[in-house]
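[1] Output the structure for:
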Amino acid sequence: MLRVHFTAEDLLRVSFAPEPAPLMELGFAVAMLRRHDTPAVLRRWRHRAHAAFPDEARPLLDLIPPSARSPLFLDPLSSGLEDGLDTVLRTPSDRVRAELDRRVPDVLAPTPWLRRIADGDREAWTDLERALRSAYGRLLAEAWPTVRAAFDAERAWRTKLLGQHGIRTTLAGLWPGGRWEGTVLVYDEVGGRGATVDAVLSGRGLVLLPSTLWTGRPMISRHEDGPGILLYPAAAPLPLHEQRAAVSDGERGGPLGALLGRTRAAALELLVRRRTTSDLARELDISKSSASEHAKALRDARLITTQREGKAVRHECTPLGLELLTGAGTETVTSWR
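    Got it, this is the predicted structure:
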């Protein structure tokens, strides 16, 4: 469970990151490679990424666990890959050591190479730079324009929701079951697992940073004395946007397709009238399991509701889903995680 403690000043200082952070997204990509609970929509991507993962990047497996709770010096909020790498390589040694002490053996297994990183060994840091460049080049470089487009679509949608429903509803809606307990924003772990993490913003505000590759519950971190950074899974993961990019311009489904992906946007449009999972599968020409996966994602995003009637499962747009359809037709290091 993640509990984010807000003050009035924090609520006034909530903003979106201007662009995705390459090293943060890379950290999530490596973490997803190591997880065994990959959602169906990411399984094909994970299979390709496993095959493409270079030997030079293997040191990252010592630094990035499946939980994605890597040391904060490894994933700065940056304006590009080179800017991020420069920030990583200039990290003060005392900060590196403090972060590794915090993560080892909490979520990282102690290894000789990690000790060399903590000791500032030049060869180990050269290996780290090579690993980051190699992993980015094989996992994200080609897809980065799509990642950026997905980020822009996500930010545009959430900004619209913010204007229509306010900051409290928008923040709670970033994760299924998100809720407020007074001035504390609560995100539960899927299945109720995991320890409770309390993050106190202390008036420094919050930056929202969606990821197209992370599907776990939102995490929050703070670098030095800056605002908290809330990392959360975007409504549509990268593979859906890659599918969208593969079709011709005339088939992309407009702004809604840019946000949700072509098939999921089409499913939402169909659900302005109640339909069963079988109806969706037949009308979208996809398998029933794929239709069920799309319906679950739309339901988790609070865009549809699902009810069982006998043996049938029927889905229908929520008011939020209808609004999205209508709108688409118009224009000191503190680590929480």
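[2] per-residue pLDDT, Val247?
    On pLDDT, Val247 comes in at 48.
[3] whoops, I mixed them up, Ala31
    Ala31 is assigned a predicted lDDT (pLDDT) of 94.
[4] Also Trp113?
    We have a pLDDT of 93 for Trp113.
[5] Count the residues that sit near it.
    Counted with other C-beta atoms under 10 Å, residues neighbouring Trp113 total 17. (Each C-beta comes from the backbone N, C-alpha and C, glycine too.)
[6] Return the residues in contact with the nearest residue to Glu283 once chain neighbours are set aside.
    Distances taken as C-beta to C-beta, 6 or more residues apart in numbering place Leu270 nearest to Glu283, at 5.9 Å, with adjacent residues excluded. Residues near Leu270 by C-beta atoms under 8 Å, 6 or more residues apart in numbering: 279-280, 283-284.
[7] In helices, which of those fall?
    Judged by DSSP state H, the contacts of Leu270 include 279-280, 283-284 as members of helices.
[8] of all those, which comes closest to Leu140?
    Closest approach between those and Leu140, by C-beta to C-beta: Leu284, at 29.3 Å.
[9] looking at it, the closest one is touching Arg264, isn't it?
    No - using C-beta atoms under 8 Å, Leu284 is not in contact with Arg264; the gap is 9.6 Å.
[10] So for these two, which residue has more residues nearby?
    Arg264 (27 against 17).
[11] tell me which element that one is part of?
    Taking DSSP states H and E as the definition, one finds Arg264 inside helix 262-270.
[12] Any buried residues in that helix, and which?
    Buried residues in helix 262-270, counting neighbours by 16 or more other C-beta atoms under 10 Å, are found at 262-269.
[13] so what's Trp214 closest to, chain neighbours aside?
    Phe28 (4.0 Å).
[14] list the contacts for that neighbour?
    Phe28 sits in contact with 68, 211, 213-214, 231, where contact means C-beta under 8 Å, 6+ apart.
[15] Make sure it is indeed in a strand.
    No - Phe28: not assigned to a strand; according to DSSP: H, G, I helix; E, B strand; the rest coil it is helix.
[16] want to throw the contacts of Phe28 into TSV with secondary structure, distance to Leu2 and pLDDT?
    Compiled in TSV, the contacts of Phe28 are given as follows (DSSP: H, G, I helix; E, B strand; the rest coil; distance: C-beta to C-beta, whole Å; pLDDT from 0 to 100):
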residue	secondary structure	distance to Leu2	pLDDT
Ala68	coil	13	90
Ser211	strand	15	94
Leu213	coil	19	91
Trp214	coil	13	91
Leu231	strand	11	95
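[17] which of the contacts of Leu270 are buried?
    279-280, 284.
[18] Asp188: neighbouring residues, count only.
    Residues within reach of Asp188, counting by other C-beta under 10 Å, total 18.
[19] wait, it sits on Gly216?
    No - at 11.9 Å, Asp188 does not count as touching Gly216 under the criterion of C-beta under 8 Å.
[20] Against Leu303, how distant is Leu325?
    According to C-beta to C-beta, to the nearest Å, Leu325 stands 9 Å off from Leu303.
[21] higher neighbour count, those two?
    Neighbour tally, Leu325 and Leu303, criterion other C-beta under 10 Å: the higher count belongs to Leu303, 26 against 17.
[22] Spit out the contact partners of the closest residue to that one other than its chain neighbours.
    Residue nearest to Leu303 in three dimensions, not counting chain neighbours: Gly321, with 3.7 Å by C-beta to C-beta, 6+ apart. Contacts for Gly321 (C-beta under 8 Å, 6+ apart) come out as 268, 271, 298, 302-304.
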